[in-house]
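# No sequence on hand, only this structure:
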């Protein structure tokens, strides 16, 4: 899973409330708590600091957590879904400076999600490489008769990647490829991996 290697920020204003998002590297809950504490000091007018994180612990287990910090609409889970969608490891935090108008649970969730999407978009725009020392995976359709290792050109959800090794008929479990067949059929699924 690609790791976030550098921070990116984005801001959304919704009915005078400002939502300040930051995506950044994070490898432990202690590190995340430090980032949240620093945000509280830096943004004293912000009432809520909603965050979500994904990382592997010392035993190699995937840790996923989300915190709403008193906000309605479960925006922490919306941020976690953004990290899951792009299969990223790191921290996504959005701080809200209240502007005087209540948005309701749905509006709050949409605003936090929009801010998080903006930060991830800036991260993608600023870097083709989201991680180092990891393998990226993407799925796509195989062409009939292509051998099990061939060139492919599939756009990953995390960044626009070009040529990599193609394994046809494989399935994805975490970051391990299993049950790869020796050749493609017209309806098989290609699993591409890019060493980074």
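On my side now, so go ahead. Model, not experiment: these values are computed from the prediction.
# Verify the stated contact: residue 10 with residue 124.
No: using CB atoms under 8 Å, residue 10 makes no contact with residue 124, being 11.5 Å away. For glycine as for every other residue, the C-beta is placed from the backbone atoms N, C-alpha and C.
# Same drill for these two, tell me which one is more crowded.
Higher neighbour count among residue 10 and residue 124: residue 10, with 20 against 16, using other CB atoms under 10 Å.
# got the contact list for the more buried one?
Contacts for residue 10 (CB atoms under 8 Å, 6 or more residues apart in numbering) come out as 20, 21, 22, 115, 118, 119, 121, 122.
# if you set the cut-off to 7 Å instead, what comes out?
Residues in contact with residue 10 (CB atoms under 7 Å, 6 or more residues apart in numbering) are 21, 115, 118, 119, 122.
# quick one: residue 100 from residue 18, how far?
Residue 100 sits 12 Å away from residue 18, taking CB to CB, to the nearest Å as the criterion.
# Who has more neighbours out of the two?
A count of neighbours by other CB under 10 Å puts residue 18 above the other of residue 100 and residue 18, at 18 against 7.
# nearest residue to the more buried one other than its sequence neighbours?
residue 97 (4.4 Å; CB to CB, 6 or more residues apart in numbering).
# Quick check: closest non-adjacent residue to residue 91.
residue 26 (3.7 Å).
# Around that neighbour, count how many other residues there are.
The burial count assigned to residue 26 is 22, neighbours taken as other CB under 10 Å.
# Figure out the length between the terminal residues of stretch 5-21.
16 Å (CA to CA, to the nearest Å).
# So for that stretch, what gets flagged as buried?
7, 8, 10, 12, 14, 17, 18, 19, 20, 21 (16 or more other CB atoms under 10 Å).
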